[in-house]
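Visitor: fold the following and give me the result.
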Amino acid sequence: MTYPPHQELEKYRSLIEAALAYDGGKSTWEDVVEEVTSGRAFLMVHPSGKSVAVLQPIREVHMWAVSGEIGDIFEMEEEAATRARASGFDRMTLAGRKGWERVFKSLGWKPETGLVKDL
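Guide: Numbers count the residues shown, from 1 in each chain. Just a heads-up that it's a prediction; the model follows:
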C-alpha cells in the first residue's frame, strides 16, 4: 500500500466521494481535505490505484472513507490493522454500507450499537 502526500488527494477524489455518499451526509470532500492536510487523517491507496481508504487515528483507528474493489479493500484492511497494532491501537472502526457487516465478518469485524447525540 502507499500513503501519498495530501497534495495527491485530488487524484483519488472520485473514489473518496463515492465512499462519502454512504455516510449519510456527515462528511464532505472538504472535510477529508482538511483532515488529511492537517495530519489528523491519512490516505491509504492500494497498489492497483483502484481502491482507497482514509484512516483516522482517534482513540481507535477509524476507516472513514473506503472505496474500490473488495479484494483490494481486504488487503488494505489487513495492512491498516497491522499498522494500527504497531502504533498501539487495539481497536478499529469502519463506516460503510450495511452489507459490509456480512462481508467483513470473516475478518473479525462485528456490528455494534451506541448512543449518538446530534447537536
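Visitor: low-confidence bits of this protein, can you list those?
Guide: 113-119 (pLDDT under 70).
Visitor: and the helices in the protein?
Guide: Taking DSSP state H as the criterion, the chain carries its helices at 13-20, 29-38, 70-86, 100-105.
Visitor: out of the ones you listed, which comes closest to residue 44?
Guide: Set against residue 44 and scored by C-beta to C-beta, those come closest in helix 70-86, at 5.8 Å. To be clear about C-beta, it is placed using only N, CA and C from the backbone, and glycine gets the same treatment.
Visitor: which strands and helices sit next to the closest one?
Guide: Helix 70-86 sits against strand 42-45, strand 52-57, strand 61-67, strand 92-94, with contacts defined as 3 or more C-beta pairs under 8 Å, 6 or more residues apart in numbering; DSSP states H and E.
Visitor: switch those over to CSV; also include distance to residue 78.
Guide: Shown next, in CSV, are these (distance: least, C-beta to C-beta, whole Å):
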stretch, distance to residue 78
strand 42-45, 11
strand 52-57, 12
strand 61-67, 12
strand 92-94, 11
